[in-house]
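In: Please work out how this folds:
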Amino acid sequence: MSDAKVEAAPKAKKNILLFAVIGLLVVLLIIVGGVAAFLLTKSSDPAADEVAAEATAREDVKKKKKKGKKEEHAAIFEKLPQFTVNLHSEEGDGILQTDISVEIADAQVAEKIKGQMPKIQGQVNKLLRSKTISEVKAVDGTDKLGKEIRELINKILHAESEEEGVISVNFTTFIVQ
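Out: Alright, predicted model coming up:
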């Protein structure tokens, strides 16, 4: 019986030693795998990492602005003075009289519009005078004219994106004679 106890003790030590070696190998494999994954995913060019991080940050800011404007934006309208211009065509001369209200992004844009009103009036007058009677009477003519006026005013206001400056142009009266 004493021989059996003597043989069992070395077997238990061998099992513990075997488990310890296997555990150590597993830990080493995990560490080596983690280091390898880190090195493979890390870019070799730090400047590229910075550019990618800046681009991601800019996109996040734009998304937040878009979300904020859509959620918080209550319609703000600014009425422009009435425009009366002469129109020319092959059939004869005519007159266009229109009232325009522009939907704007925020109250700051309203202040910019008021500050630039003489310039806006002059440019819109010029644009309206350049049109013919057939152009403004066409169904899609007013849509096209509204888009041109929007682009013109946004150019004067130095608006950079679709959500800045003038959002839409609305003709409240539109009389062609």
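
In: hey, where'd the strands end up in this structure?
Out: 76-79, 83-87, 94-104, 166-176 (DSSP state E).

In: hey, C-alpha coordinates of stretch 85-105 in CSV?
Out: The C-alpha atoms that make up stretch 85-105 are tabulated as CSV, following Å, rounded to 0.1, in the frame of the first residue of the first chain:
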residue,chain,number,x,y,z
VAL,A,85,-40.1,94.6,-63.6
ASN,A,86,-40.5,94.9,-67.3
LEU,A,87,-40.4,91.7,-69.3
HIS,A,88,-39.6,91.5,-73.0
SER,A,89,-40.7,89.0,-75.6
GLU,A,90,-41.3,88.7,-79.3
GLU,A,91,-45.1,89.1,-78.7
GLY,A,92,-44.6,92.4,-76.9
ASP,A,93,-43.6,93.8,-73.6
GLY,A,94,-45.1,92.8,-70.3
ILE,A,95,-44.8,93.4,-66.6
LEU,A,96,-44.1,91.0,-63.7
GLN,A,97,-45.2,91.9,-60.2
THR,A,98,-44.3,89.5,-57.4
ASP,A,99,-44.0,89.3,-53.7
ILE,A,100,-41.3,86.9,-52.4
SER,A,101,-40.9,85.3,-49.0
VAL,A,102,-37.8,83.3,-48.3
GLU,A,103,-37.5,80.5,-45.8
ILE,A,104,-34.3,80.8,-43.9
ALA,A,105,-32.2,78.6,-41.7
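
In: got the buried residues for that stretch?
Out: By neighbour count on 16 or more other Cβ atoms under 10 Å, the buried set for stretch 85-105 is 85, 87, 94, 96, 98, 100, 102, 103, 104, 105. In this view, the C-beta of every residue, glycine as well, is placed from N, C-alpha and C.

In: Make JSON lines out of these and add distance to residue 147 and pLDDT.
Out: What follows is the buried residues of stretch 85-105, written out as JSON lines (distance: Cβ to Cβ, whole Å; pLDDT from 0 to 100):
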{"residue": "85", "distance to residue 147": "18", "pLDDT": "93"}
{"residue": "87", "distance to residue 147": "19", "pLDDT": "89"}
{"residue": "94", "distance to residue 147": "22", "pLDDT": "89"}
{"residue": "96", "distance to residue 147": "17", "pLDDT": "90"}
{"residue": "98", "distance to residue 147": "15", "pLDDT": "93"}
{"residue": "100", "distance to residue 147": "13", "pLDDT": "93"}
{"residue": "102", "distance to residue 147": "12", "pLDDT": "92"}
{"residue": "103", "distance to residue 147": "13", "pLDDT": "92"}
{"residue": "104", "distance to residue 147": "16", "pLDDT": "90"}
{"residue": "105", "distance to residue 147": "17", "pLDDT": "83"}
